[in-house]
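# Build the 3D model from these lines:
(2 chains)
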Amino acid sequence: MKIFKSIKWRLQIWYGLILVVVLAGFGFTAYQLERGRMFGRIDNELHRRFNVLAQALHRPPRGPEGNGQPFDRPSPGQFPEDGPPEQNPRPPLDFRLPTQAAGLFDTNDPNGFYFVIESRDGKEIARAGNVQSLAKGEEGLTAETVEANELPELKNPNPPQVITLGAYREVFDITPEGETVRAGCSIAPELKELRRTALNLTAVGSLVLLIGLAGGWWLVSRAIRPIENISAAAVKISAGDLSQRINVAEAESELGRLAAVLNSTFARLDAAFAQQKQFASDAAHELRTPVSVMLTQTQTALNRGRTAPEYRETVEACQRAAQRMRKLIGALLELARLDAGQEQMKRLRFDFSRTVADCVDLVKPLAKASGIKIFTELSPLEITGDAERLAQVATNLLTNAIQYNNPNGEVRVKVASHGGLATLTVSDTGNGISRDDLPHIFKRFYRCDKSRTGGNTGLGLAISKAIVEAHGGTIEVSSEEDDGTTFTVRLPG
Amino acid sequence: MRILIVEDEPDLLRSLAQALREEGYAVDTANNGEDGLFSAEGCDYDAIVLDVMLPKLDGWEILKRLRKTKKTPVLMLTARDQSRDRVRGLDTGADDYVVKPFDLSELFARLRAIIRRSANKTTNVIEIGDVKIDTAARNVSLREKPMELTAREYALVEFIALHRGEVVTRTQLYEHLFDENESSLSNLLDVHVSNVRKKLGAEFITTRRGHGYCIE
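A predicted model of the protein is given here:
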């Protein structure tokens, strides 16, 4: 069932069940207390009357043991059970209701107090009021049954028994001789009152339950609303709208914190997607220019007959464009692999300073062509990593330092150990990087001069950064305009 | 027709210039934004082919600054084909754009279109008396008979025809028919005019002495 899968409904159902149990318990207790109070009052009245009856009950003395006290219980054995009372005839009870007690029983009110005293053989000795006939036998209670059932108890000096017979409550006792004394009254008004109390309690309970359920629904809805917001935003995001954010109303609540965490995740996803999109678009853009060159060159050449040197020029231009595309495609593939984490870095011990020294040798002809001097300060330093990849980083930094240097400038290369980290610094004496460009130079295809001349892919520093970070290291740049640029690579030993 | 190409990729710039010259345009070139803007502001080009990504000043900036003084038709060359970029280009004042990589024939057609529009012409064919000039095919016919004109002669006819009813000065003609690399011999223009008159009739181009030339 769908309803039981909804947290809102499950909470509501549990809440409702608990409320019902609490209310029922409360109502039942209140009802019982009321009932006890009412019956207690009636029982008091009955006992008072019963006591009057008991005191009025006189038995003519029969022998020395007859003390004339009512309900005095003989010692066991004095009246053998097998001995029928008729064989041991005793004088019949003499009963006179004291005149001052007559007002205690209502002869006219059918619901008033009554009493009856019956002999063992069911003969009525005395009565007053609207006596309930036991023969009606709601409880099947007769003197015999009571005797048979209750006799062992009656042997003890028990207080008189109180029973409820339908709408009547009675106090009764049986004398040792078998006379039954009953005093009772109708409890119909009380029962009616109790029913009303029960109805009232049920009504109030139901009302409280309804209010409680409504309040609960409101609370649960309020508590659930942020979740619904989160879910709605998540649905939109999964549909591709990454710009969606969850509206966080209460930043400090548990759900508010969750929403904030989700929002920051969405923002990172969004940024990553945007970056990827930008990268793809930039890559396409970079490839368009060499393709344009080739198309324009070939179409121009084919427009009319050309001389051999003209064709040669066209082919050369096409070759340059193709070389540039090859370089670009290589760099793009490399970046894509680094991004995907497919490019596994070797983990070998090697002398980093030797590697850097080799790179310096490699770029020396380039430096010489621009009249640039390279100064090295390489202390032997063993590190773990991919020598080939790190050589690529060093070469890239050195090439940049030469290319963006002033003619007859200087490049300083240093390998040293600082606080357990291997540090490579490459400084040039070029024009430096402007403050506006500095934060962007590790971005893909970012070029400070916005031109495509010089045959750079615009990916060199981005690739260097990716390689260094794959080694768990960092790459930083500091630059002062007109005062040169310094790149610092830090690698864990 | 004189055209300025601003493009930083040297191979592209060279072949574009060559192709356009072979089409009969006078072509000036600039390989960075600053030079491009300087040339564009200094001369009345019939059209400018402007790359977006340029060193020093990018295409948007050149366009923005140029539009303060000139209404020269501008064809943007863009490597970005997102509509955002195209809209931006058109809104900044570009007359059309071509997305790289492009076909030369498309570039030529768009170039002709923006030049035609700037001269308030809606079709490629201009008819003047018996002379019919097809600016798309770049040929001229007299009484339905195709006439052989050199590229320079055609450019002269086209330019004066596009400014039909106006007096075109010799300076204007020099500016629009010869690029900055050509030494403008003062009688070269007279030679071209005389050749055109031989081919299309002496009355086709009238001389306004002391002012210039005119097609009635």
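# in the stretch 351-493 of chain A, which ranges drop under the pLDDT threshold?
Within the stretch 351-493 of chain A, the stretches with pLDDT under 70 are A:449-455.
# what's the burial count for whatever residue of the stretch 51-200 of chain A ends up closest to chain B?
Relative to chain B, the nearest point of the stretch 51-200 of chain A is A:N200 (73.7 Å; Cβ to the nearest Cβ). Where you see a C-beta, it was placed from the backbone N, CA and C, and this is true even at glycine. Counted by other Cβ atoms under 10 Å in any protein chain shown, the residues lying close to A:N200 total 13.
# got a pLDDT number for the residue lying closest to A:R120 once chain neighbours are set aside?
Spatially, and ignoring its direct neighbours in sequence, A:R120 is nearest to A:G178 (3.1 Å; Cβ to Cβ, 6 or more residues apart in numbering or on different chains). We have a pLDDT of 75 for A:G178.
# After the host helix or strand of the residue of the stretch 51-200 of chain A closest to chain B, heading C-terminal, what element do we hit next?
Secondary structure assignment for A:N200, by DSSP states H and E: helix A:188-238. With elements assigned by DSSP H and E, the helix or strand that comes after helix A:188-238 is helix A:254-303.
# Buried ones in the next helix or strand after that following helix, by neighbour count?
Once helix A:254-303 ends, the next helix or strand along the chain (criterion: DSSP H and E) is helix A:308-340. Neighbour-count burial for helix A:308-340 flags A:313-314, A:317-318, A:320-321, A:324-325, A:328, A:331-332, A:334-335, A:338 (criterion: 16 or more other Cβ atoms under 10 Å in any protein chain shown).
# anything in the lowest-mean-pLDDT helix or strand in chain B near chain A?
Ranked by mean pLDDT, DSSP states H and E, the weakest helix or strand in chain B is helix B:83-92, scoring a mean of 78. No. Contact of helix B:83-92 with chain A (Cβ under 8 Å from any Cβ of the partner chain) is absent, the minimum separation being 9.9 Å.
# what helices or strands is that helix leaning on?
When contacts are defined as 3 or more Cβ pairs under 8 Å, 6 or more residues apart in numbering or on different chains; DSSP states H and E, helix B:83-92 packs onto helix B:59-66, strand B:74-78, strand B:96-99.
# Can you lay out these as a markdown table showing distance to A:A284, mean neighbour count and mean pLDDT?
Converted to a markdown table, the helices and strands packed on helix B:83-92 look like this (distance: least, Cβ to Cβ, whole Å; neighbours: other Cβ atoms under 10 Å in any protein chain shown; pLDDT from 0 to 100):
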| stretch | distance to A:A284 | mean neighbour count | mean pLDDT |
| --- | --- | --- | --- |
| helix B:59-66 | 18 | 20 | 88 |
| strand B:74-78 | 12 | 25 | 89 |
| strand B:96-99 | 11 | 19 | 88 |
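# Just put these in a markdown table and tack on distance to A:T486.
Formatted as a markdown table, these follow (distance: least, Cβ to Cβ, whole Å):
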| stretch | distance to A:T486 |
| --- | --- |
| helix B:59-66 | 31 |
| strand B:74-78 | 36 |
| strand B:96-99 | 40 |
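# name the element the residue in chain B that chain A sits nearest to belongs to?
Residue nearest to chain A within chain B (Cβ to the nearest Cβ): B:P55, separated by 3.3 Å. Using DSSP H and E, B:P55 is not contained in any helix or strand.
# Hmm, it is touching B:D8, no?
Yes. Assessed by Cβ atoms under 8 Å, B:P55 is found in contact with B:D8 at 5.7 Å.
# Looking at those two now, which is surrounded by more residues?
Between B:P55 and B:D8, counting by other Cβ under 10 Å, B:D8 is the more crowded of the two (22 against 18).
# what secondary structure does the more buried one sit in?
Secondary structure, DSSP: H, G, I helix; E, B strand; the rest coil: B:D8 is coil.
# Model confidence score at it, please.
pLDDT recorded at B:D8 is 85.
# That one reaches B:E34, doesn't it?
No. Contact criterion Cβ under 8 Å: B:D8 and B:E34 do not qualify, at 11.5 Å.
# For A:R182, which residues are in contact?
Each residue near A:R182 by Cβ atoms under 8 Å, 6 or more residues apart in numbering or on different chains is listed here: A:F115, A:V116, A:I117, A:E118, A:V131, A:L134, A:E170, A:V171, A:F172.
# who does it bridge with?
A:R182 has the following beta-bridge partners by DSSP bridges: A:V116, A:F172.
# Against A:G129, how distant is it?
Per Cβ to Cβ, to the nearest Å, A:R182 is found 11 Å from A:G129.
# count of neighbours near the residue nearest to B:L104 when sequence neighbours are not counted?
Among residues not flanking B:L104 along the chain, A:Q299 sits closest, at 4.3 Å (Cβ to Cβ, 6+ apart). As a burial measure, A:Q299 scores 17 neighbours (other Cβ under 10 Å).
# repeat for B:I205
Neighbour count of B:I205, defined by other Cβ under 10 Å: 20.
# got the phi/psi numbers for it?
Phi and psi for B:I205, reported as degrees, to the nearest 10, are phi -120, psi 120.
# and the residue nearest to it when sequence neighbours are not counted, what is it in contact with?
Closest residue to B:I205 apart from its sequence neighbours, by Cβ to Cβ, 6+ apart: B:Y213 at 5.3 Å. Shown in contact with B:Y213 (Cβ under 8 Å, 6+ apart): B:I160, B:V167, B:V168, B:R170, B:L173, B:V193, B:I205, B:T206, B:T207.
# Would you check how far apart A:V356 and chain B are?
Applying Cβ to the nearest Cβ, to the nearest Å, the value for A:V356 to chain B is 32 Å.
# Can you say which helix or strand has that residue in it?
Per DSSP H and E: helix A:352-369 holds A:V356.
# excluding its backbone neighbours, what's nearest A:L97?
Leaving aside its sequence neighbours, A:L97 sits nearest to A:A56 (Cβ to Cβ, 6+ apart; 5.7 Å).
# that older thread, outside of the very next helix or strand once past the helix holding A:V356 itself, list whatever touches it.
Sequence-wise, the next helix or strand downstream of helix A:352-369 (DSSP H and E) is strand A:373-378. Residues outside strand A:373-378 that contact it (Cβ under 8 Å, 6+ apart): A:353, A:356-357, A:360, A:363-364, A:367, A:398, A:408-416.
# check which helix or strand covers A:V393.
Assigned by DSSP H and E, A:V393 falls within helix A:387-403.
# Near chain A, which residues of chain B? Just list them.
Within chain B, the positions lying close to chain A (Cβ under 8 Å from any Cβ) are B:8-12, B:14-16, B:18-19, B:22, B:32, B:53-56, B:58, B:77, B:79-80, B:82, B:99-105.
# what's the domain layout of chain B?
Following the assignment in automatic domain parsing, chain B carries domains at B:2-118, B:125-214.
# Worst mean pLDDT among those domains?
Looking at the domains of chain B, the bottom one is domain B:125-214 with a mean of 82.
# measure that one end to end?
19 Å (Cα to Cα, to the nearest Å).
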